[in-house]
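Engineer: What follows is a predicted protein model with its sequence.
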Amino acid sequence: MSDWKSMNYNHPIPNLTKPFTISCPKETDIFDKPPSTHRFDAPVIYTATSVDSFKSATVTVTADWTYQYDQGGLCIIMDLKDGTRKWMKTGIEMLDGQPMVSVVTKDRWADWSLRPLLDPESKTARLHIETHADKSLWVFLLGENGKKHPVREVTWWGELDQHTEVKVGPAAAKPSKEGGDLVVSFSDLQLVAA
């Protein structure tokens, strides 16, 4: 998994083996909400694998989170044969002045869950996504010594066709109209596929 591409990103793809940043323009998002919100205009850098090959993705993310819904982390995208798109994103997201760990998954529509960072004074988190033996997808917040703090189980991952292409990689979004670009910093990106 080393052939990197991008969507909604008008900059050269950085060297992802070293610390890097994604600069994200305002009024961008990845979100779907009834009755008619369909947004997928935020920058994503990705490489492709398949559901049955994807094992895990891990990254450390930080930024000067300032405006409501400023966000950055990892994104997984599946464009299905029927023309629909499923996705999952996890990272840090600003809510009411507080950076939180966020997971949003989109099956038919998106849903959203949040939990506090391990250190409430921090602006940094290390996120880990992995496929379990039961075919579900799990999201963890990693703590000291790599301790896994479970954040979310995505059960519909197990019903996907195992050969479905999966685009996975870092992403950022800034739904707010306020301020300038959001610059999100990433480090120690690790992707594992069979």
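Structural biologist: Noted; the coordinates are in hand.
Engineer: what sits against the residue lying closest to P116 once chain neighbours are set aside?
Structural biologist: Sequence neighbours aside, M100 is the residue nearest to P116 in space, at 6.2 Å (criterion: C-beta to C-beta, 6 or more residues apart in numbering). No exception for glycine: its C-beta is placed from N, CA and C like everyone else's. Taking C-beta atoms under 8 Å, 6 or more residues apart in numbering as the criterion, M100 is in contact with 92-94, 114-117.
Engineer: Model confidence score at M100, please.
Structural biologist: With respect to pLDDT, M100 scores 97.
Engineer: cool, P120 as well?
Structural biologist: 89.
Engineer: Next: S2.
Structural biologist: With respect to pLDDT, S2 has a value of 61.
Engineer: ditto for A194
Structural biologist: pLDDT, A194: 86.
Engineer: That one contacts S50, doesn't it?
Structural biologist: No: proximity of A194 to S50 does not meet the contact threshold set by C-beta atoms under 8 Å, at 9.1 Å.
Engineer: neighbour count winner among those two?
Structural biologist: Ranked by neighbour count (other C-beta atoms under 10 Å), A194 and S50 place S50 first, with 16 against 9.
Engineer: Would you check that that one makes contact with V166?
Structural biologist: Yes: the criterion here is C-beta under 8 Å, and S50 meets it with V166 at 5.9 Å.
Engineer: isn't there a helix covering the residue nearest to P116?
Structural biologist: No: counting by DSSP: H, G, I helix; E, B strand; the rest coil, M100 falls outside a helix, being strand.
Engineer: Name whatever forms a beta bridge with it.
Structural biologist: E93, P116 (DSSP bridges).
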